[in-house]
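Visitor: Pasting the sequence and the predicted coordinates here, then a few questions.
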Amino acid sequence: MSNLNYSPVTKKRLRAIAPFLSADVDSHTREAGPLTILTRDQLPRTIAARTRRVYDHLASVYPVSSFFFHSRAHACALEHSGVRNGMCVLEVATGSGEMFRRLIQTNPSGKTFGLDLSPNMAARTQLRARQEFPLANSHCGAVDVRNLPFRSASFDAVVCCYLFELLSRDDIRLTLQEIRRVLRAGGTFSLVVIGENAQFFNRLYSVAGRLAPAFWGRQVEHAAPDLIEESGLRIVTMQSVRQLGYPSRVLVAKR
């Protein structure tokens with residue numbers, strides 16, 4: 001770490017998260033906008049590169065979508081997540097940070113980490129969290145979730161909202177393997193996906209997904225339970241949520 005030109009504040013934050021970082025991460029680092037986090041770019045290129053560009057451009061307006069369509073599902077996922085104050089918690093795919101701030105508020109004395117593929121999303125999430133919770137031990141950076149830069153068994157809980165729609169089935173498997181790896185024994189994984197229980201919505205989403213796959217992706221609610229169980233996690237809760245006609249499904253699993 002000493003050969004990198006980090007600011008004093010960033011160095012302090014990186015020292016705080018160093019115990020959670022994989023031992024071999026130091027040789028694969030990159031800048032992520034105004035914030036920096038250790039990461040690796042060793043995976044083959046997929047549609048993820050296009051997705052990152054799309055969400056970078058939409059970072060400033062995406063909170064509107066979270067407020068009107070996702071906040072009820074976020075609240076449900078948090079309620080069933082088992083997150084308590086003093087835990088070490090990770091959110092993958094923070095988006096605009098609405099769920100990330102909920103996690104910090106629930107876990108003010110613990111450690112809350114967030115990751116997003118989009119550097120702009122991650123930077124906005126970090127900035128807003130620092131403004132609202134300046135004393136919280138929270139960190140957010142741009143990382144590919146298929147290759148998490150954390151030691152095994154680092155987290156008590158992992159949360160993921162509306163990501164799997166943007167990943168191929170093989171990438172979902174990679175992501176779930178990484179999530180299971182970084183979870184401690186008995187830890188909880190909470191997942192929110194777009195529901196498939198509304199026919200008219202499904203038809204609209206299918207059309208949107210074909211027109212802009214890097215933004216909309218495709219629905220994976222029916223496939224998600226089998227993929228979660230296949231990864232070695234055990235589903236304990238499934239609940240449907242609807243907000244302004246937008247269907248979501250919350251799944252909670254244990255390691």
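Guide: Yep, that arrived.
Visitor: Which residue is the nearest non-sequential neighbour of G232?
Guide: Among residues not flanking G232 along the chain, R180 sits closest, at 5.4 Å (Cβ to Cβ, 6 or more residues apart in numbering). For glycine as for every other residue, the C-beta is placed from the backbone atoms N, C-alpha and C.
Visitor: Mind telling me what element that neighbour is part of?
Guide: helix 169-182 (DSSP states H and E).
Visitor: Against Q199, how distant is C161?
Guide: Look at C161 and Q199: by Cβ to Cβ, to the nearest Å, they are 24 Å apart.
Visitor: quick one: which of the two has more around it?
Guide: Neighbour tally, C161 and Q199, criterion other Cβ atoms under 10 Å: the higher count belongs to C161, 24 against 8.
Visitor: In three-state terms, how would the residue lying closest to the more buried one once chain neighbours are set aside be classified?
Guide: Spatially, and ignoring its direct neighbours in sequence, C161 is nearest to V192 (4.1 Å; Cβ to Cβ, 6+ apart). Secondary structure state of V192, per DSSP: H, G, I helix; E, B strand; the rest coil, is strand.
Visitor: and the residue nearest to G232, how many residues sit next to it?
Guide: Using other Cβ under 10 Å, R180 has 18 other residues around it.
Visitor: Quick one: low-confidence residue ranges for the stretch 51-200 of the chain.
Guide: Applying pLDDT under 70 to the stretch 51-200 of the chain flags residues 51-68.
Visitor: re the thing from before, verify the stated contact: the residue nearest to G232 with R234.
Guide: No. Taking contacts as Cβ atoms under 8 Å, R180 lies outside contact range of R234: 10.7 Å.
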